[in-house]
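Trainee: compute the structure for the input listed below.
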Amino acid sequence: MEPRAGDSVVVGMSGGVDSTYAAHSLVREGLTVAGLTLRFFSGMGQQQESLDELAVKRARHICERLDIEHIVIDAGELFRGRVVDYLVRSYGSGATPNPCVTCNRHIKFPLLAEAADRLGAGWIATGHYARVEIFGEKPVIAAASDRNKDQSYFLYRLTPEILERSIFPLGRVGKDEVRAALEDIDLPARERESQDICFMGEEGLEGFLEARLAPSPGDVLNTRGEKIGTHRGSCFYTVGQRKGLGVAAGTPLYVIRKDTDRNLVFLGEGEELLSRKAVCRDIVLTERLMEMPLRGKIRYRHGPARVENLIISKDEMTVIFTEPQRAVTPGQSLVLYRGDLVAGGGIITGDGKR
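Mentor: Predicted coordinates for the structure are as follows:
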């Protein structure tokens, strides 16, 4: 089912270029549009709350220019519980999480849907670069036409109930086209590229974690089990990390793995980061798409790699790649694609070596 002129839609509005284009394009298509801005950072301190204020101010201005209703919802408590606390717990347990996946699944899209229900709107929309396609009479996420901006990776956990009412106006356009369209109509949207973690302040991730996780010094070992240094807490390191290790060596060393139970960090050479396997939990699969050929992304900025085999049980999935992949990182999402369509994915727990 496609939206038609006169249908009502609630658009997530951040005041940025992409959400502005999404709202503008839907107005142009004749839909009745309302913009929703979520305050994510209330209760997180003045610096973060000022980002909320800026987003609300810019989004309100855009909505006024488009002559559409503007709604603001405080999602701070939910965001802290579902996203911020999740991130801190994950790092504390040795994982490297992707909070955007969690935010989309549990906050952005559910709150958009709730707002749409209150307004009697059948549709929701965002400025994500992704598409919804129908496969086997069911909606599935698909990669955007602009592969350089594609954000389908972050949306793989959205439910069919959300997808069947979702619109992604940027799914078939490129960034240059988006900018040009807004310049033509002189909409002063904010040009701000997405950050890895939107709620980080000036202290960055390291400072953010230091304020919430107690330092716990331990040993740094090479992969032969020999002590080569000390660390201030295994939670502050991630698989594949090279900088800031505090260990001098004749060749570049990387974090190969961590043992949080024993508070150990293992370093090795780059080739030791390679693995053909990724083991995942919390899996979500579209069974009708789980046929070869499949490709998998082990992180957002990772080219989809050919999958040779899958081993799936009730609670776990092991993905075996045709070629070794670099730095299979616990906590990151592994997303599977069949062509352009998202077939499913899960949270990586390890590389199957140990």
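Trainee: which parts of the stretch 101-250 of the chain are helices?
Mentor: With DSSP state H, counting those that start in this stretch as the criterion, the stretch 101-250 of the chain has helices at 109-119, 160-163, 175-185, 204-210.
Trainee: convert the first one to PDB, retaining C-alpha atoms only.
Mentor: The C-alpha trace of helix 109-119 is given here as PDB (Å, rounded to 0.1, in the frame of the first residue of the first chain):
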ATOM      1  CA  PHE A 109       9.900   4.700  15.500                       C
ATOM      2  CA  PRO A 110       7.600   3.700  18.300                       C
ATOM      3  CA  LEU A 111       7.200   7.300  19.400                       C
ATOM      4  CA  LEU A 112       6.500   8.300  15.900                       C
ATOM      5  CA  ALA A 113       3.800   5.600  15.600                       C
ATOM      6  CA  GLU A 114       2.200   6.600  18.900                       C
ATOM      7  CA  ALA A 115       2.100  10.300  17.800                       C
ATOM      8  CA  ALA A 116       0.600   9.300  14.500                       C
ATOM      9  CA  ASP A 117      -2.100   7.200  16.300                       C
ATOM     10  CA  ARG A 118      -3.000  10.200  18.500                       C
ATOM     11  CA  LEU A 119      -3.400  12.400  15.400                       C
END
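Trainee: hmm, which helix or strand of this structure has the shakiest average pLDDT?
Mentor: For the chain, the helix or strand with the lowest mean confidence is helix 175-185, at a mean of 82 (criterion: mean pLDDT, DSSP states H and E).
Trainee: where in the stretch 151-300 of the chain is pLDDT low?
Mentor: Low-confidence segments of the stretch 151-300 of the chain (pLDDT under 70): 187-196.
Trainee: returning to what we had before: so can I have a markdown table of the helices of the stretch 101-250 of the chain showing distance to residue 28?
Mentor: (Glycine included, C-beta is placed from N, CA and C.) Supplementary listing: the helices of the stretch 101-250 of the chain in a markdown table, determined by distance: least, CB to CB, whole Å:
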| stretch | distance to residue 28 |
| --- | --- |
| helix 109-119 | 20 |
| helix 160-163 | 23 |
| helix 175-185 | 9 |
| helix 204-210 | 39 |
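Trainee: now render those helices as a markdown table, adding mean neighbour count.
Mentor: As requested, these are exported to a markdown table (neighbours: other CB atoms under 10 Å):
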| stretch | mean neighbour count |
| --- | --- |
| helix 109-119 | 18 |
| helix 160-163 | 15 |
| helix 175-185 | 14 |
| helix 204-210 | 14 |
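Trainee: among the ones you listed, which is nearest residue 16?
Mentor: With distances scored as CB to CB, the stretch of the helices of the stretch 101-250 of the chain nearest to residue 16 is helix 175-185 (10.4 Å).
Trainee: just checking, what packs against that closest one?
Mentor: Contact partners of helix 175-185 among helices and strands, from 3 or more CB pairs under 8 Å, 6 or more residues apart in numbering; DSSP states H and E: helix 17-28.
Trainee: one step back: run the chain-centre distance for the least confident helix or strand of the chain.
Mentor: With CA atoms, centre = their mean, to the nearest Å as the basis, helix 175-185 stands 25 Å off its chain's centre.
Trainee: quick check: angle from that helix to helix 17-28?
Mentor: When axes from the mean of the first three to the mean of the last three CA atoms, to 10 degrees is applied, the directions of helix 175-185 and helix 17-28 differ by 60 degrees.
Trainee: how about the strands in the stretch 251-354 of the chain?
Mentor: Using DSSP state E, counting those that start in this stretch, the strands of the stretch 251-354 of the chain run over residues 254-259, 264-268, 274-285, 295-297, 305-312, 317-326, 333-338, 341-350.
Trainee: so which of those is nearest residue 28?
Mentor: Shortest separation from residue 28 across the strands of the stretch 251-354 of the chain is recorded for strand 341-350, at 27.9 Å, computed as CB to CB.
Trainee: what angle do that closest one and strand 317-326 make?
Mentor: Taking the same axes, to 10 degrees, one finds strand 341-350 and strand 317-326 inclined to each other by 80 degrees.
Trainee: residues in contact with residue 95?
Mentor: 330-331 (CB atoms under 8 Å, 6 or more residues apart in numbering).
Trainee: pLDDT value on it, please?
Mentor: Reading off the per-residue confidence, residue 95 sits at a pLDDT of 95.
Trainee: host element of it?
Mentor: In this structure, residue 95 is located outside every helix and strand according to DSSP states H and E.
Trainee: could you dump the least confident helix or strand of the chain to CSV, C-alpha only?
Mentor: Taking only C-alpha atoms (Å, rounded to 0.1, in the frame of the first residue of the first chain), the coordinates of helix 175-185 have been written out as CSV:
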residue,chain,number,x,y,z
LYS,A,175,22.6,13.7,-1.0
ASP,A,176,23.3,16.2,-3.8
GLU,A,177,19.7,16.1,-5.0
VAL,A,178,18.5,16.7,-1.4
ARG,A,179,20.7,19.7,-1.0
ALA,A,180,19.8,21.1,-4.4
ALA,A,181,16.0,20.8,-3.7
LEU,A,182,16.3,22.7,-0.4
GLU,A,183,18.4,25.4,-2.0
ASP,A,184,15.8,25.9,-4.7
ILE,A,185,13.1,26.6,-2.1
